[in-house]
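J.: sequence-free structure coming up:
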Ligand SMILES: Nc1ncnc2c1ncn2[C@@H]1O[C@H](COP(=O)(O)O)[C@@H](OP(=O)(O)O)[C@H]1O
Ligand SMILES: [Mg+2]
């Protein structure tokens, strides 16, 4: 879309504000693309590529010295020696994006920096959910409301829920909530729409980087399913499993997985 004017980030925007602005702006473009009448693969491709191109433009213009890892770009391994790497998913939940009026899709913009922690860490991030008209970021992290459901709600992929999560849910007396997009699922925990997101079987750094940055800033538990830390800007960008949940659910979820594995 050539006539889209992204405007400029807020004056003096720090990395938190820039991430939120970039994700929101890409989301505005995606809403326009979605309104053009394309369907199916054409809509998916137009969204993925349009949002990727815009985010690359915004990063080149406003953060020219930083490296970028995008789902839709070629992986330039120079990022492994960089101090600052933006990890972006131009459309997470591409399938749901192509199924209007579904709102479970997102734009992810995260910043990894080498300076914090021995192996580098996520230091800023934003998840835009354009169809909700909301962007969740590390600048003003979401305040997680008190839990409204006594029965835990575990959010899972609507198209490929891991089989073991059904056994986990039974063990916890939990209900399963199917939803598209890793970002939408993580954010659903911060919104008290769910209480935990448990995933295994495949995913990449861009699927979880920005959501995890936001979830951590909101005080949620975030880890691999074996309880080890989620690490970003790795040589191999496969990051196949994670648990994001209210802190009080971390022990029971991790203990069940440690005992039963993911083959249950
Ligand atoms: N087994 C798997 N292997 C690779 N990627 C997976 C995956 N399961 C989920 N994902 C990715 O995680 C995101 C959320 O998936 P889901 O909606 O099924 O939970 C999607 O990202 P994209 O939409 O950016 O491709 C999807 O491609
Ligand atoms: Mg994704």
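T.: Right, received. Where do you want to start? Model, not experiment: these values are computed from the prediction. Ligands and ions are numbered 1, 2, ... in the order given.

J.: drop to CA atoms for contacts and neighbour counts, all remaining ones
T.: Noted.

J.: which single residue of the stretch 1-150 of the chain ends up nearest ligand 2?
T.: For the stretch 1-150 of the chain and ligand 2, the shortest gap (C-alpha to the ion) falls at residue 92, measuring 3.7 Å.

J.: what's the span of stretch 138-157 from first residue to last?
T.: 24 Å (C-alpha to C-alpha, to the nearest Å).

J.: from the middle of its chain, how far away would it be?
T.: On the basis of C-alpha atoms, centre = their mean, to the nearest Å, stretch 138-157 sits 15 Å off its chain's mean C-alpha point.

J.: and for stretch 69-83?
T.: For stretch 69-83, the distance to the chain centre is 18 Å (C-alpha atoms, centre = their mean).

J.: same check, this time on stretch 246-256
T.: On C-alpha atoms, centre = their mean, the centre of stretch 246-256 falls 21 Å from that of its chain.

J.: neighbouring contacts of that stretch?
T.: For stretch 246-256, contacts defined as C-alpha atoms under 8 Å, 6 or more residues apart in numbering pick out 168, 172, 189, 195-196, 219-221, 225-227, 243.

J.: can you check stretch 188-198 too?
T.: The contact list for stretch 188-198, computed with C-alpha under 8 Å, 6+ apart, reads 142-148, 152-156, 165, 177, 185-186, 215, 218, 220, 225, 241-246, 249.

J.: again, but for stretch 201-211
T.: 69-71, 87-89, 92, 108-111, 122, 124-127, 162, 182-183, 186-187, 232-233, 237-241.

J.: cross-check these against ligand 1 and keep the overlap.
T.: Checking the contacts of stretch 201-211 against ligand 1 by C-alpha under 6 Å from any ligand atom, the ones in range are 92, 182.

J.: what's the burial count for the residue lying closest to residue 238 once chain neighbours are set aside?
T.: Excluding the flanking residues, the one nearest residue 238 by C-alpha to C-alpha, 6 or more residues apart in numbering is residue 204, at 4.5 Å. Residue 204: 16 surrounding residues under other C-alpha atoms under 10 Å.

J.: from the contacts of stretch 188-198, which land in strands?
T.: Judged by DSSP state E, strands contain the following of the contacts of stretch 188-198: 153-156, 177, 242-245.

J.: turn these into JSON lines, including neighbour count.
T.: Shown next, in JSON lines, are those (neighbours: other C-alpha atoms under 10 Å):
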{"residue": "153", "neighbour count": "21"}
{"residue": "154", "neighbour count": "25"}
{"residue": "155", "neighbour count": "29"}
{"residue": "156", "neighbour count": "26"}
{"residue": "177", "neighbour count": "18"}
{"residue": "242", "neighbour count": "24"}
{"residue": "243", "neighbour count": "25"}
{"residue": "244", "neighbour count": "30"}
{"residue": "245", "neighbour count": "25"}
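
J.: keep these, but drop any that are not near ligand 2.
T.: By C-alpha under 5 Å from the ion, no member of these lies near ligand 2.

J.: domains for this structure, by residue range?
T.: 15-137, 153-260 (automatic domain parsing).

J.: for the record, mean pLDDT for the last one?
T.: Taken as a whole, domain 153-260 has an average pLDDT of 97.

J.: what of stretch 106-118?
T.: Per-residue scores along stretch 106-118 average to 88.

J.: helix/strand/coil for residue 103?
T.: Put simply, residue 103 is coil when judged by DSSP: H, G, I helix; E, B strand; the rest coil.

J.: how far away from the center of its chain is the helix or strand harbouring residue 87?
T.: For residue 87, the host element (DSSP states H and E) is strand 84-92. Distance, stretch centre to chain centre, for strand 84-92: 9 Å (C-alpha atoms, centre = their mean).

J.: ok, now how distant is the residue nearest to residue 238 from ligand 2?
T.: In this view, residue 204 and ligand 2 are 7 Å apart by C-alpha to the ion, to the nearest Å.

J.: how many other residues sit next to residue 94?
T.: There are 20 residues near residue 94, going by other C-alpha under 10 Å.

J.: rewinding a little: partner strands of the strand holding residue 87, parallel or antiparallel?
T.: Applying DSSP bridges, strand 84-92 is found paired with strand 67-70 (parallel), strand 106-113 (antiparallel).
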